[in-house]
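need the 3D shape of this:
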Amino acid sequence: MKRYCLVGTGWRGMFSYATPIVREYADVATLLAVCDINPKRAAYLNEYLHTNIPVYTDFDQMLSDHRPDTVIVTTKDCAHEQYIVKALEAGCDVITEKPMTIDDEMCANIIETERRTGRKVTVTFNCRFMPFYVKLKEVVASSAVGDVLSVHYEWLLDTSHGADYFRRWHSIRANSGSLLIHKATHHFDLVNWIIDDEPVKVNAFGTRRFYGDNRRPHGERCLTCPYKKTCEFYFDIDKEEQGMLVPVYKNVEDVDGYIRDRCLFSDVIDIEDSVSLNVKYKKGAVMSYSLTAHSPYECMKLVINGTKGRLEGDTAFGKETLKLYDREGQCINYDRTHVRQLPGGHGGSDPALRDNLFRGYTDDPLHQMADTRAGAMSIGIGIAANKSMKEDRAVYLSEFLGKYYPEIIPQK
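Now for the predicted structure:
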C-alpha cells in the first residue's frame, strides 16, 4: 500500500488524482493528506468525497506529520519546483503534473536535488497514452518512415479551449512560463518521444494580437461585466463544467483573490497567443512548430518525413486520420473510425496513466512513463524559445542543460 500526499487541490488535483485515489485505487493507495494555499478549496475536497482527509496550508508540516512515500504536485506551474525539491529532500518520490517547472534555474534545481537525494520524479505526460499518439509512435518505431529527417507540427486551439487559458492564471508569464511551457510541453514531449530524439537548438517568434491589451471595452470578469450580453466570449462560470467551477473556484475566491472568469482582454495578460519556432534535433532532424490559441476550430496536424516515406496525422473536426506514404507513391491509410474510446479524462489517457502510476505496472515497451530527463527536454524547448524571443537569437539547450545532459551539446 503506497502512501500519498497531494499539494494543489484545484481542478486537476481534485478530479484527476484525489478522487480516483479514494474511489478507484483504495486497494493499493491511500491519500494521507492534502495541502493548498486556499484552505476553503482544500476543505471542499472532503465535502465532495465525503471523507475526512487532513487539510494543510503548511506543506512542510504536512510532510513532517505524515511522511508519505510519494508527493503528488498539482499546483500552479511556477510552484512545482519548490514543492518537488522539498518533497525530494524529505525522502519522498514525486509525481508532478506537466510542465515539470517553468524556467532553467528551477529545472536545474530539480535535477540536482533528485540526483543528490536519490529519489525519483515522474512527470505525467498523459498524451503519451492517447491511442492516436500511441499509433504514431508505433509506426515510427517500426521504421516505416525510416530515419526521421523533418517534422512539421501545427496545433490549433479554438476560442473556447484556447481562450480559457487567457482567463486563468496561465495567461501571466510568471505563473506558467507562457503557453510554450504550460501547453506546448505536451506537444514537444510527443515529438521527442515519437521520433526518439532530443532537441539541441531553438529559434522562435511569438506575438499576442488577439487577447489582452485592452483591445475592447471590458469589465474585470465575465460574471459582473456590463458587456456580457453582447460579448461572444462571455463565459458563464455558474454553468460551466457541470457547475463544479463554482465550489472549486468561485466560492473560495474571497481567500486568495483568484478569479476564474477574468476577462480575455485584461491588461494583465502578458503571454503570446501565436508562436512559431524551429527546432534542431541531436540526430539531425529539424522541426517547424506553430501554436495558435484563437483558431476557428481545434486541430493537431503532424507530419514526419523520413528516408522511407512520409507519415501524416490529423485530428481536424474530431476525425483522426493517419496516412503513410512510401517512396513508390503508395499510401497506407490507417483506419481510425473504429478506435474504441476509453472512458475517463482526455480520451482515456488519464486512467491509463493512473494505472501505471498507482498500480505500478512495469511493462513499458513504448517508454510512456516520463522521468526528469523527459520533463527537462520538453520544457527545454519552451525555455529556449522564450529566451530566443526575448534575446532575438537562436538558443542552444546546452546553455542551461548541458551540465546535466552533455549528450545534447552540439558537435563541432
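
show me what contacts the closest residue to Asp236 other than its chain neighbours?
In space, Asp236 comes closest to Cys222 once its chain neighbours are excluded; the distance is 7.1 Å by Cβ to Cβ, 6 or more residues apart in numbering. C-beta coordinates here come from the backbone N, C-alpha and C atoms, glycine included. Listed by Cβ atoms under 8 Å, 6 or more residues apart in numbering, the contact partners of Cys222 are 167, 228, 231, 234-237, 261, 263.

quick check on Thr372: phi, psi?
Dihedral angles of Thr372 (phi, psi; degrees, to the nearest 10) stand at phi -60, psi -40.

still on that earlier bit, from the contacts of Cys222, which is closest to Tyr289?
Distance to Tyr289, by Cβ to Cβ, is smallest for Arg167 among these, at 24.5 Å.

tell me how far the most centrally placed residue in the chain lies from Gly318.
The residue lying closest to the centre of the chain (Cα atoms, centre = their mean) is Lys98, at 4.1 Å. As for Lys98, its distance to Gly318 is 24 Å (criterion: Cβ to Cβ, to the nearest Å).

and for His66?
43 Å.

so the two - more neighbours on which side?
Higher neighbour count among His66 and Gly318: His66, with 15 against 8, using other Cβ atoms under 10 Å.

contacting residues for the more buried one?
Applying Cβ under 8 Å, 6+ apart, the residues near His66 are 3, 5, 32-33, 54.

gap between the closest residue to Gly91 other than its chain neighbours and Asp69?
Among residues not flanking Gly91 along the chain, Arg119 sits closest, at 6.7 Å (Cβ to Cβ, 6+ apart). Counting by Cβ to Cβ, the separation of Arg119 from Asp69 is 10 Å.

check which residues of stretch 48-62 are buried.
Using 16 or more other Cβ atoms under 10 Å as the test for burial, stretch 48-62 gives 48-49, 53, 55-56, 59, 62.

residue boundaries of the helices in the stretch 1-150 of the chain?
Using DSSP state H, counting those that start in this stretch, the helices of the stretch 1-150 of the chain run over residues 11-12, 19-24, 39-49, 59-66, 80-89, 104-117, 131-141.

ok so Asp236 is a strand residue?
No. Asp236 is assigned coil when assessed by DSSP: H, G, I helix; E, B strand; the rest coil, not a strand.

for Ser295, list each beta-bridge partner.
Taking DSSP bridges as the rule, Ser295 bridges to Asp158.

surely it and Asp158 touch.
Yes. Ser295 lies in contact with Asp158 (Cβ atoms under 8 Å); the separation is 5.3 Å.

any figure for the gap between Glu89 and Cys299?
43 Å.

quick one, which of those two is more surrounded?
In terms of neighbours (other Cβ under 10 Å), Cys299 is the more surrounded of Glu89 and Cys299; the figures are 18 against 13.

so the residue nearest to Ala163 when sequence neighbours are not counted is in which element?
Distances taken as Cβ to Cβ, 6+ apart place Leu264 nearest to Ala163, at 5.7 Å, with adjacent residues excluded. Under DSSP states H and E, no helix or strand contains Leu264.

from here on, call the first residue 143.
Got it, first residue is 143 now, which makes that one Leu406.

which residues touch Leu406?
Taking Cβ under 8 Å, 6+ apart, one finds 305, 308-309, 353-354, 360, 375 in contact with Leu406.

flag the shaky bits of the stretch 243-392 of the chain, pLDDT-wise.
Low-confidence segments of the stretch 243-392 of the chain, defined by pLDDT under 70: 383-384.

repeat the analysis, applying 80 as the threshold.
382-385 (pLDDT under 80).

pull the CA atoms of the host helix or strand of Met519 into PDB?
For Met519, the host element (DSSP H and E) is helix 514-533. Output of helix 514-533 as PDB, limited to C-alpha atoms (Å, rounded to 0.1, in the frame of the first residue of the first chain):
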ATOM      1  CA  THR A 514      13.100  14.100 -15.100                       C
ATOM      2  CA  ARG A 515      15.100  14.000 -18.300                       C
ATOM      3  CA  ALA A 516      12.000  13.800 -20.500                       C
ATOM      4  CA  GLY A 517      10.500  16.700 -18.500                       C
ATOM      5  CA  ALA A 518      13.600  18.700 -18.900                       C
ATOM      6  CA  MET A 519      13.800  18.100 -22.700                       C
ATOM      7  CA  SER A 520      10.200  19.100 -23.100                       C
ATOM      8  CA  ILE A 521      10.300  22.300 -21.200                       C
ATOM      9  CA  GLY A 522      13.800  22.800 -22.600                       C
ATOM     10  CA  ILE A 523      12.300  23.700 -26.000                       C
ATOM     11  CA  GLY A 524       9.900  26.100 -24.400                       C
ATOM     12  CA  ILE A 525      12.600  27.700 -22.200                       C
ATOM     13  CA  ALA A 526      14.900  28.100 -25.200                       C
ATOM     14  CA  ALA A 527      12.000  29.500 -27.300                       C
ATOM     15  CA  ASN A 528      11.300  32.100 -24.600                       C
ATOM     16  CA  LYS A 529      14.900  33.100 -24.400                       C
ATOM     17  CA  SER A 530      15.100  33.200 -28.200                       C
ATOM     18  CA  MET A 531      12.100  35.600 -28.400                       C
ATOM     19  CA  LYS A 532      13.400  37.800 -25.600                       C
ATOM     20  CA  GLU A 533      17.000  38.000 -26.900                       C
END
